[in-house]
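Visitor: Quick one, what's the 3D model for this:
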Amino acid sequence: PNDDNLTVASFIVPEDGNYDLTDLAARRVDGNPNETSRYKVFNTKKEQIADIQTNSQQWNSDTKTYSLGALKSDDRIYFAVSRDGGYWWDATEINWTITKHVSNP
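Guide: Predicted coordinates for the structure are as follows:
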């Protein structure tokens, strides 16, 4: 339908630790360059920490490293894709990497 909405996925933290988020990227599957979509990332407090706009089939990447800090088991990081315009449908691929800092024994 022609209304605002998000498709949301979440990463559930498997164990306590300090985590980083890298390799954020998005690309539209549909090749119409006049339509855009947004890839948004939210931290455990549901505060937006990243926003990538894409309008082509080429990957649009964010080279930043986002420190997620100390997270507890079962905390969640949210990844959302939203239509960025008035068109009727969207198909967007997304990518991310979450890394836990490992202490040397």
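Visitor: distance between the lengthiest strand in the chain and the chain's centre?
Guide: Across the chain, the longest stretch assigned as strand under DSSP state E is strand 17-28. Put simply, strand 17-28 sits 7 Å off its chain's centre (Cα atoms, centre = their mean, to the nearest Å).
Visitor: Please shift the residue numbers so they start at 857 in all later answers.
Guide: In the new numbering, first residue 857, that becomes strand 873-884.
Visitor: what does that strand contact?
Guide: Residues from elsewhere that reach strand 873-884 (Cβ atoms under 8 Å, 6 or more residues apart in numbering): 869, 891-893, 895, 897, 905-906, 908, 910-918, 920-927, 933, 937, 946-957. Just so you know, the C-beta spots here come from the backbone N, C-alpha and C atoms, and that holds for glycine as well.
Visitor: out of those residues, which are inside helices?
Guide: Judged by DSSP state H, the contacts of strand 873-884 include no members of helices.
Visitor: Can you say which of those are buried?
Guide: 869, 891-893, 895, 897, 905-906, 908, 910-911, 918, 922, 924, 927, 933, 937, 946, 948, 950, 952, 954 (16 or more other Cβ atoms under 10 Å).
Visitor: where's Leu862 relative to Lys956, distance?
Guide: Distance from Leu862 to Lys956, counting by Cβ to Cβ, to the nearest Å: 27 Å.
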